[in-house]
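Visitor: I'll drop the sequence and a predicted model, then ask my questions.
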Amino acid sequence: MMVCNSSAALAGAQAAEGVIRLIGDIRRGVLHLDDVRQVAASVLERYGHYLNECLTDAGIIIPPAVDLTTGETGAIQVLSHPQAATILAVFQQNERLIRGFKEVEILHEIVRAKETGEGGGRDVDELATMMRGRAPFFNLGLTSAGPIVFFSRPLL
């Protein structure tokens with residue numbers, strides 16, 4: 001597993017600001033799950049295309065799939081890919097990739113929290129803080145069929 005340490009620096013408030021830009025400030029009104037799902041799906045699709053372009057430019061071809069996660073540290077990690085070091089270098093050289101990853105992560109964490117009831121009445125800032133270091137971990141996979149989001153639990 002390889003880690004992009006600069007990604008942790010863009011967590012929290014900056015990523016929450018990006019989410020507010022995408023879905024609006026939920027402190028001003030009601031946040032509807034269907035609306036967030038729709039925005040999350042759209043952002044994931046756009047981000048997946050951009051990530052694929054960046055990786056292709058760096059000579060990384062899919063397959064094999066790329067599995068990115070944030071794990072306990074909040075830093076972006078590449079799980080078991082033969083070109084993990086190159087993928088991390090692409091992230092370290094592109095703040096837009098990191099910021100986009102964090103926005104996708106927070107949007108899907110909000111959806112998961114609202115679906116499972118874990119979000120309660122929390123606002124975006126509280127949800128962003130809540131998600132740090134908690135299992136299940138956010139994963140973004142980039143496959144030949146496109147991007148996919150899933151949550152995983154750490155191996156014991």
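Guide: Cool, got the structure.

Visitor: His81 contacts Leu68, correct?
Guide: No. Using CB atoms under 8 Å as the test, His81 is too far from Leu68 to be in contact (9.2 Å). Quick note: C-beta positions are derived from backbone N, CA and C, even for glycine.

Visitor: ramachandran coordinates for Ser144?
Guide: For Ser144, the backbone dihedrals (degrees, to the nearest 10) come out as phi -70, psi -20.

Visitor: residues in contact with it?
Guide: Ile62, Pro63, Ala65 (CB atoms under 8 Å, 6 or more residues apart in numbering).

Visitor: next: Leu97.
Guide: Tyr50, Leu51, Cys54, Val90, Phe91.

Visitor: that one should be in a helix, yeah?
Guide: Yes. Under DSSP: H, G, I helix; E, B strand; the rest coil, Leu97 falls within a helix.

Visitor: from Asp57, how far out is it?
Guide: Leu97 sits 11 Å away from Asp57, going by CB to CB, to the nearest Å.

Visitor: ditto for Lys102
Guide: According to CB to CB, Lys102 stands 21 Å off from Asp57.

Visitor: which one's more surrounded, those two?
Guide: Taking other CB atoms under 10 Å, Lys102 and Asp57 do not tie; Lys102 has more neighbours (25 against 9).

Visitor: quick one: classify the more buried one as helix, strand or coil.
Guide: Following three-state DSSP, the label given to Lys102 is helix.

Visitor: need the pLDDT of it.
Guide: With respect to pLDDT, Lys102 has a value of 93.

Visitor: the one 10 residues further on now?
Guide: Taken from the predicted model, the pLDDT recorded for Arg112 is 89.

Visitor: low-confidence regions, this structure specifically.
Guide: 1-31, 118-135, 154-156 (pLDDT under 70).

Visitor: would you confirm that Glu115 contacts Arg37?
Guide: No. In this structure, Glu115 is not within contact of Arg37 by CB under 8 Å, at 9.0 Å.

Visitor: neighbour count: these two, which is higher?
Guide: Applying other CB under 10 Å to Glu115 and Arg37 shows that Arg37 carries more neighbours, namely 16 against 11.

Visitor: where along the chain do the helices fall?
Guide: Listed in chain order, the helices of the chain (DSSP state H) span 13-23, 33-57, 84-92, 95-116, 124-131.
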